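Q: all I have is the shape, not the residue letters:
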């Protein structure tokens, strides 16, 4: 979903393909959803505008090593 949100017509097709080739798809499991909901509750945020970011933050924080989350 983040990739769909990030896409816009000014991105070159070759650059978009390069980014997609490096994306690792992670499932949004019940545990991820519960942790994302807890994160949103902790910060006082809610709704669809923050849901994807919260799930992404939960998944990224569970990975070992360096994780980069940045806009295109």
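A: Structure's in. What do you need? Fair warning: this is a prediction, and the values are worked out from it, not measured in the lab.
Q: buried stuff in stretch 23-34?
A: Under the neighbour-count criterion of 16 or more other CB atoms under 10 Å, stretch 23-34 has residue 32 buried. For glycine as for every other residue, the C-beta is placed from the backbone atoms N, C-alpha and C.
Q: now the residue positioned nearest the centre of the chain: how far from residue 20?
A: Central residue of the chain (CA atoms, centre = their mean): residue 56, 3.4 Å from the mean position. To residue 20, residue 56 is 16 Å away according to CB to CB, to the nearest Å.
Q: residue 61 too?
A: 23 Å.
Q: least trustworthy helix or strand in this protein by mean pLDDT?
A: Lowest mean confidence among the helices and strands of the chain (mean pLDDT, DSSP states H and E): helix 2-6, at a mean of 79.
Q: just give me how far the next helix or strand after it sits from the chain centre.
A: Using DSSP states H and E, the helix or strand that follows helix 2-6 in sequence is helix 13-21. How far helix 13-21 lies from its chain's middle: 17 Å, per CA atoms, centre = their mean, to the nearest Å.
Q: which SSE is immediately downstream of helix 13-21?
A: Counting by DSSP H and E, what follows helix 13-21 is helix 30-43.
Q: which strands and helices lie in contact with that following helix?
A: Other elements packing on helix 30-43 under the criterion 3 or more CB pairs under 8 Å, 6 or more residues apart in numbering; DSSP states H and E are helix 48-61.
Q: who touches the helix it packs on?
A: The contact list for helix 48-61 (CB atoms under 8 Å, 6 or more residues apart in numbering) reads 1-2, 5, 26, 28, 32-33, 35-37, 39-40, 45, 67, 69.
Q: tilt between it and helix 30-43?
A: Per axes from the mean of the first three to the mean of the last three CA atoms, to 10 degrees, the angle that helix 48-61 makes with helix 30-43 is 120 degrees.
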